[in-house]
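*Asks:* Only the shape, not the letters, is given here:
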């Protein structure tokens with residue numbers, strides 16, 4: 001969702017700092033959202049949509065495909081002895 005917010009924000013000409021201010025959150029928090037390091041509460045999702053002047057569905061558009069990719073099973077790892085991460089001395 002963070003990438004989608006960044007995409008819509010930049011399309012409308014908002015700086016990250018200015019947009020965060022209009023949403024009522026700190027600019028560093030907005031950065032963590034856009035990088036996918038923080039999650040948004042529903043209340044903040046609604047604030048973002050309102051600030052952008054878009055319906056919630058616009059924020060969530062195309063996220064289903066991305067979510068399916070993230071939830072896809074990871075390729076099986078071959079069984080065997082794990083390699084040591086310790087360095088030789």
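*Replies:* Received, thanks. Note that this is a predicted model, so its numbers are computed, not measured.
*Asks:* show me where this structure has helices.
*Replies:* Taking DSSP state H as the criterion, the chain contains helices spanning 2-11, 16-23, 27-34, 42-52, 56-60, 63-71.
*Asks:* okay, the angle between the longest one and helix 27-34?
*Replies:* Going by axes from the mean of the first three to the mean of the last three CA atoms, to 10 degrees, helix 42-52 is angled at 100 degrees with respect to helix 27-34.
*Asks:* Report the buried residues of the least confident helix or strand in the chain by mean pLDDT.
*Replies:* In the chain, no helix or strand scores lower on mean pLDDT, DSSP states H and E than helix 63-71, which sits at a mean of 79. Going by neighbour count (16 or more other CB atoms under 10 Å), nothing in helix 63-71 comes out as buried. Where you see a C-beta, it was placed from the backbone N, CA and C, and this is true even at glycine.
*Asks:* Need the contact partners of it.
*Replies:* If you take CB atoms under 8 Å, 6 or more residues apart in numbering as the criterion, helix 63-71 is touched by 1, 4.
*Asks:* now do stretch 20-38
*Replies:* Around stretch 20-38, the neighbours that count as contacts under CB under 8 Å, 6+ apart are 1-3, 5-6, 9, 14, 16-17, 19, 39-40, 44, 47-48, 51.
*Asks:* can you do 6 Å?
*Replies:* For stretch 20-38, contacts defined as CB atoms under 6 Å, 6 or more residues apart in numbering pick out 2, 5, 6, 16, 17, 47, 48, 51.
*Asks:* Buried ones in it, by neighbour count?
*Replies:* Result for stretch 20-38 [16+ other CB under 10 Å]: buried residues 20, 23, 25, 30, 31, 33, 34.
*Asks:* Averaged pLDDT, that stretch. What do you get?
*Replies:* In this model, stretch 20-38 has a mean pLDDT of 95.
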